[in-house]
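K.L.:
mind folding the following:
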Amino acid sequence: KVYGGQYVIPGNIIVRQRGTVFHPGNNVKLGKDHTIFATAAGYVVFEKAKGRPGRKQISVYPEMPVKQAGKGSTTATVTADGSAD
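P.N.:
Next up is the predicted model:
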């Protein structure tokens, strides 16, 4: 439903799935039908779970992480209002 890097608000559905293909990370929750939804406003990031080989998780961060901010970008930080530093 939502791609990595897209801005979401609380309650937005990020992924609908059967079984837990993706696990919840920061600022997201898992519904009883395994739907992952946002609990805070921010940017969606698909990432590998730390300490869990082969596990993928989805997180929502208020600011875009630097390595996800853009192609070749090393210093850009995108805030919730869409402005870049």
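K.L.:
burial count for the closest residue to residue 3 other than its chain neighbours?
P.N.:
Of all residues not flanking residue 3 in the chain, residue 44 sits nearest, at 7.1 Å (C-beta to C-beta, 6 or more residues apart in numbering). C-betas here are computed from N, CA, C, even on glycine. Counted with other C-beta atoms under 10 Å, the neighbours of residue 44 add up to 26.
K.L.:
how close does residue 44 sit to residue 53?
P.N.:
23 Å (C-beta to C-beta, to the nearest Å).
K.L.:
do the same with residue 15
P.N.:
With C-beta to C-beta as the criterion, residue 15 and residue 53 are 21 Å apart.
K.L.:
and those two? Which one has more around it.
P.N.:
Neighbours were counted for residue 15 and for residue 53 using other C-beta under 10 Å; residue 15 has more, 18 against 6.
K.L.:
surely that one touches residue 58?
P.N.:
Yes - here residue 15 lies in contact with residue 58, judged by C-beta atoms under 8 Å, at a distance of 6.4 Å.
K.L.:
what do the two both touch?
P.N.:
22, 36 (C-beta atoms under 8 Å, 6 or more residues apart in numbering).
K.L.:
per-residue pLDDT, the nearest residue to residue 33 once chain neighbours are set aside?
P.N.:
In space, and not counting its chain neighbours, residue 33 is closest to residue 16: 7.8 Å by C-beta to C-beta, 6+ apart. The score at residue 16 is 96. That number is its pLDDT.
K.L.:
if I look at residue 16, how far off is residue 36?
P.N.:
Relative to residue 36, residue 16 is positioned 8 Å away (C-beta to C-beta).
K.L.:
of these two, which one has the most company?
P.N.:
Just comparing residue 16 and residue 36: by other C-beta under 10 Å the higher neighbour count belongs to residue 36, 26 against 12.
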